[in-house]
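> everything below, folded, please.
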Amino acid sequence: MSAVIEKPKKKYKHMVGKDPYEVALEDYDLTQRELFQSDTVCGFFDRMRKEDPVHYCKDSKFGPYWSVTKFNDIMEVEGNPEVYSSEPSISIMDPLGDSEMSMFIARDEPVHGQQRKTVQGSVAPKNLANMESLIRERAGKILDELPIGETFNWVDKVSIELTGQMLATLFDFPFEERRKLTYWSDVVTAVPGPQSIVSSYDETQTILKTELVPAFFKLWTERVNQPPQFDLISMLAHGEETKNMATERPMEYLGNLILLIVGGNDTTRNSISGSVLFLNENPDQYQMLRDNPELVTKFVPEVIRYQTPLTHMRRTATQDTVLNGKQIKKGDKVIMWYLSGNRDEDVIDRPYEFIIDRDRPRHHLSFGFGIHRCMGNRLAEMQLRVVWEEILKRFERVELVEQPKRTYSNFIRGYVEMPVKLHAK
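Numbering: from 1, shown residues only. Presented below is the predicted three-dimensional model:
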């Protein structure tokens, strides 16, 4: 969320554009963002799962790290938080000292559980049931305002708009300013550069300090002086473990808000976009969905598996340990590649096929596992289900006009642009 340690540029692009077997296995570095932007990384994961499923990279922009690529090995890491810590970061990047904003996903017990429990109620089953009609109404309005027969960017008009509206509702954020939430999420996750929305990590910090900080401290002041409500800020302001967070631990407050903004934005947004791509790539599955709209409940988790909106999560070893025969040392970075685990043919039948009527569609790693399993997983599924129920009522087809432009990131697996054309029923 702040400036991060990234080594000076060297010749790290040696894997881009190459066949996985052209590169020596000991030289594999799966953090190269170009591999994800070009959607060519999975061939390298395939080889690693076969030949070296727990792989050590001795040198990268982010220092040395272990790659865990098999489904069951990832589950073992996730299931042992005492051995594999979420502190100090859940991404490959290291924070720079005290400047990093603390967030409960990057904390261990008991802090993680206490803070998570405070906001968990916002996505409890009863609240989700109450939200569904609102999501359906908003999704319908967004879809009804789309042009028929004209090319437009699905990411902007549908995916971002729907998730932005939902985030504004969860935070009780001024509805007319909801695009700020999407913008701040993009700023936090952006890799600085000439093609990026930020030119440097310093600019990221400046935007957060001058825009996000004042906005959310104003909302905290309002909520702490009002009776408890069901929005996330009110829950933090009135929660027993978090009620003094904004005044006593302001960076922790902001870190948790950023976590909730990014978590609420990226998973759903990129799955909504990915669903359109996958149906266009698999017209037989699209026809099956049109013929059997009730399959949407299996279609949704298959989209989330196939998309895998977050490619990885990081843990740090708290002690010397052994994972699948490899000696992990205390302090080592351990990267769980969810994208690879979701393509593991030993656990998932025909993992490279998009199959909307799978028997066990929720058997995937996209939401993590164990104590850090995504808090909003059911909300994400509900949004995707509702939007597709409404799409199927209105349109014969959402046609992909040209290949999408993908996000430049090794963490967020998403889309920047997806030109589509709608065909009315």
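> contacting residues for the nearest residue to S199 once chain neighbours are set aside?
Excluding the flanking residues, the one nearest S199 by C-beta to C-beta, 6 or more residues apart in numbering is P192, at 5.7 Å. All C-beta atoms are positioned from the backbone trio N, CA, C, and that covers glycine. Applying C-beta atoms under 8 Å, 6 or more residues apart in numbering to P192 gives the contacts 198-201, 203-204.
> in three-state terms, how would P192 be classified?
Put simply, P192 is coil when judged by DSSP: H, G, I helix; E, B strand; the rest coil.
> out of the contacts of P192, list just those in helices.
201, 203-204 (DSSP state H).
> burial measure for K243, as a count.
K243: 14 surrounding residues under other C-beta atoms under 10 Å.
> does V334 count as helix, strand or coil?
Looking at V334 with three-state DSSP, the answer is strand.
> wait, E396
strand.
> report how many residues lie close to the closest residue to it other than its chain neighbours.
Excluding the flanking residues, the one nearest E396 by C-beta to C-beta, 6+ apart is H423, at 4.5 Å. Residues near H423, counting by other C-beta under 10 Å, number 11.
> confirm H423 sits in a strand?
Yes. With three-state DSSP as the criterion, H423 is assigned to a strand.
> residues in contact with it?
Contacts of H423 (C-beta under 8 Å, 6+ apart): 148-149, 395-399.
> ditto for S91
312-314, 411.
> do the same with F411
91-92, 189, 310-312.
> recalculate using a threshold of 10 Å.
When contacts are counted by C-beta atoms under 10 Å, 6 or more residues apart in numbering, F411 touches 31, 33, 36, 90-93, 189, 191, 262, 266, 309-314.
> now do the helices in the stretch 51-200 of the chain.
Per DSSP state H, counting those that start in this stretch, the stretch 51-200 of the chain carries helices over the ranges 71-78, 111-120, 125-144, 154, 161-171, 179-189.
> and the angle from the third one to helix 161-171?
Between the direction of helix 125-144 and that of helix 161-171, the angle (axes from the mean of the first three to the mean of the last three C-alpha atoms, to 10 degrees) works out to 150 degrees.
> flag every buried residue along helix 125-144.
128, 131, 135-136, 138-140, 142-143 (16 or more other C-beta atoms under 10 Å).
> any idea how far Q32 is from L162?
From Q32 over to L162 the distance is 32 Å, taken as C-beta to C-beta, to the nearest Å.
> what does D73 give?
35 Å.
> for S91, same thing?
S91 is 26 Å from L162, by C-beta to C-beta.
> give me the longest helix you can find in the protein.
Under DSSP H, the chain gives helix 250-281 as its longest helix.
> now that one: buried residues?
251-280.
> tell me where the stretch 251-400 of the chain has helices.
283-291, 296-307, 338-341, 377-394.
> show me what the first one is packed up against.
Read that as helix 283-291. For helix 283-291, the elements it packs on are helix 250-281, helix 296-307, helix 377-394, strand 395-400, judged by 3 or more C-beta pairs under 10 Å, 6 or more residues apart in numbering; DSSP states H and E.
> next, the angle from the first one to helix 283-291.
Direction vectors for helix 250-281 and helix 283-291, defined by the same axes, to 10 degrees, enclose an angle of 100 degrees.
> what inclination does helix 250-281 have with respect to helix 179-189?
Using the same axes, to 10 degrees: helix 250-281 against helix 179-189 is 90 degrees.
> helix 250-281 to helix 377-394, inter-axis angle?
Going by the same axes, to 10 degrees, helix 250-281 makes 40 degrees with helix 377-394.
> neighbours of E381, just the number please.
The burial count for E381: 21, using other C-beta under 10 Å.
> now do the contacts for it.
Counted by C-beta under 10 Å, 6+ apart, E381 has contacts 128, 267-268, 271, 297, 300-301, 303-304, 362, 367.
> in the stretch 101-250 of the chain, where is pLDDT below threshold?
101-124, 126-127 (pLDDT under 70).
> actually the stretch 251-400 of the chain, not the one I wrote
Using pLDDT under 70, the stretch 251-400 of the chain drops low at 370-376.
> dump the residue contacts of the nearest residue to P293 once chain neighbours are set aside.
Among residues not flanking P293 along the chain, L392 sits closest, at 5.0 Å (C-beta to C-beta, 6+ apart). By C-beta under 10 Å, 6+ apart, the contact set of L392 is 289-290, 293, 296, 425.
> circling back to that earlier point, of the contacts of S91, closest to L236?
M313 (23.2 Å; C-beta to C-beta).
> gap between R49 and F36?
17 Å.
> next one: V83
When V83 is compared with F36 (using C-beta to C-beta), they lie 28 Å apart.
> please pick the buried ones from the contacts of P192.
Here, 16+ other C-beta under 10 Å leaves 198, 201, 204 buried among the contacts of P192.
> need those residues in TSV (columns: distance to Y338).
Below are the buried ones among the contacts of P192 laid out as TSV (distance: C-beta to C-beta, whole Å):
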residue	distance to Y338
V198	26
Y201	25
T204	25
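> out of those, who's nearest E240?
T204 (32.7 Å).
> I figured that closest one hits V188, correct?
Yes. Between T204 and V188 there is a contact at 7.0 Å, judged by C-beta atoms under 10 Å.
> ok, for I272, nearest residue in space, not its chain neighbours?
S159 (4.2 Å).
> hmm, I was thinking of L212
Closest to L212 by C-beta to C-beta, 6+ apart is W184, at 5.1 Å.
> Provide a list of residues in contact with K180.
164, 167-168, 173-174, 211-212, 215, 261.
> mind running it again at 7 Å?
Contact analysis of K180 by C-beta atoms under 7 Å, 6 or more residues apart in numbering lists nothing.
> and the gap between N153 and L400?
The value you get for N153 to L400, if C-beta to C-beta is used, is 12 Å.
> so what's T163 up against?
Here T163 is in contact with 264-265, 268-269 (C-beta under 7 Å, 6+ apart).
> how far away from the center of its chain is the longest helix of the chain?
5 Å (C-alpha atoms, centre = their mean, to the nearest Å).
> and it with strand 395-400, angle?
Going by the same axes, to 10 degrees, helix 250-281 makes 110 degrees with strand 395-400.
> same for helix 250-281, what does it pack against?
Judged by 3 or more C-beta pairs under 7 Å, 6 or more residues apart in numbering; DSSP states H and E, helix 250-281 is in contact with helix 161-171, helix 179-189, helix 213-224, helix 245-248, helix 283-291, helix 296-307, helix 377-394, strand 395-400.
> now distance to Y352 too, for those, in a markdown table please.
Below are the helices and strands packed on helix 250-281 laid out as a markdown table (distance: least, C-beta to C-beta, whole Å):
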| stretch | distance to Y352 |
| --- | --- |
| helix 161-171 | 27 |
| helix 179-189 | 27 |
| helix 213-224 | 42 |
| helix 245-248 | 44 |
| helix 283-291 | 13 |
| helix 296-307 | 9 |
| helix 377-394 | 21 |
| strand 395-400 | 19 |
